[in-house]
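>>> 3D, please:
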Amino acid sequence: MTPPPPPAAPLRADCIGDSAGGLTFDVAARGNTGAALLVLRRRTAGALDGMGETVSLPLAPAAEGRLRAALPSSVSLPEGRWDAYALLSGGEPRRLVPGVTDLRSLAERTPSGLLGHVAVRIPYATRQGNLTVRSWLRAPHAEAVELRLASGGLTVGGRVYGTQLVPGADAELRARPGGGAGGEDGGGVRRVRVTGERTEFAFTVPYDGLAPGVWDLWLRPAGDAGPVVRLARLLDDVADKNPVFTFPRARVRTPHGPVEAGPYYTRDNDLSLTVSPLDADA
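Okay, here's the model as predicted:
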């Protein structure tokens with residue numbers, strides 16, 4: 001019996017980010033002689049194969065044994081996780097693995113906001129070692145630039161894109177459904193005053209008014225008259241903030257008893273607070 005052929009070696013793709021938010025992929029594909037595509041497949045919950053829409057980019061020869069595809073910021077990439085494949089001539093799509101990644105320009109990027117939205121794409125390695133692109137598309141967007149921690153609360157400084165602050169702007173804390181905070185008495189929403197002007201803002205959340213649970217942070221740049229914008233940290237080169245940005249938690253006494261509270265970034269890099277009850281003797 002003829003032994004099965006050995007599995008094909010994984011295809012590696014080097015990724016470079018540019019200051020406009022675009023990405024360039026260089027795929028090592030020695031010996032390819034025909035048309036080739038870089039295919040991004042969006043993961044979609046509920047799809048039969050787990051995959052949703054696709055975006056195909058032509059792979060053109062860039063050097064000996066290398067093919068290049070460009071994903072400019074002008075190409076729409078809806079928010080989500082996009083798995084990367086190479087479709088070479090006469091073959092099936094092959095999952096890509098990360099090679100050399102240079103995302104320094106993303107960490108220094110400051111979008112103008114003139115388009116009314118912020119588009120962010122960050123390539124990263126999955127737990128299986130494959131290449132995936134995390135995409136965000138926010139219109140408008142509220143970027144959490146600085147978190148200042150104090151014993152009794154959290155001060156957030158940031159910048160809005162695609163809109164501006166007006167008098168009466170405020171921040172809103174929403175108790176996450178099932179997170180344990182709030183209740184039917186309307187206690188699941190808190191408002192705090194925002195200071196700043198034009199695109200820069202700051203506000204302070206006192207922990208002593210929060211019930212135990214998870215609270216998601218939102219910004220109302222125009223108060224009650226305008227949009228409600230989720231606070232997030234997107235404008236850098238870190239695809240998953242949660243294990244990288246960790247913050248100390250403060251112990252505070254509240255009308256609900258003693259709690260331990262602090263900020264964290266969610267799986268989507270949105271900013272939230274967690275408030276945990278403590279033993280009364282703590």
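>>> just the strands in the stretch 101-250 of the chain please.
Secondary structure of the stretch 101-250 of the chain (DSSP state E, counting those that start in this stretch): strands located at 118-125, 131-138, 141-150, 153-161, 170-175, 189-193, 195-197, 200-206, 213-220, 229-232, 250-254.
>>> And the second one, what's buried?
Same thing as strand 131-138. Neighbour-count burial for strand 131-138 flags 131, 132, 133, 134, 135, 136, 138 (criterion: 16 or more other C-beta atoms under 10 Å). Backbone N, C-alpha and C define where each C-beta goes, glycine included.
>>> is it true that the fourth one touches residue 78?
Same thing as residue 134. No - contact criterion C-beta atoms under 8 Å: residue 134 and residue 78 do not qualify, at 11.9 Å.
>>> what do the two both touch?
Listed contacts common to residue 134 and residue 78 are nil; contacts here mean C-beta atoms under 8 Å, 6 or more residues apart in numbering.
>>> so residue 273 touches residue 262, yeah?
Yes - the pair residue 273 / residue 262 is scored as a contact, 7.0 Å apart, by C-beta under 8 Å.
>>> joint contacts of those two?
Shared contacts of residue 273 and residue 262, counting by C-beta under 8 Å, 6+ apart, come down to residue 154.
>>> quick one, which of the two is more surrounded?
With neighbours defined as other C-beta atoms under 10 Å, residue 273 and residue 262 compare such that residue 273 has more, 23 against 17.
>>> what kind of secondary structure is the more buried one in?
Assigned with DSSP: H, G, I helix; E, B strand; the rest coil, residue 273 falls in the strand class.
>>> Now do the same contact list for the closest residue to it other than its chain neighbours.
Of all residues not flanking residue 273 in the chain, residue 215 sits nearest, at 4.4 Å (C-beta to C-beta, 6 or more residues apart in numbering). Residues in contact with residue 215 (C-beta under 8 Å, 6+ apart) are 173, 174, 175, 176, 179, 181, 190, 272, 273, 274, 275.
>>> Perfect, that will be all.
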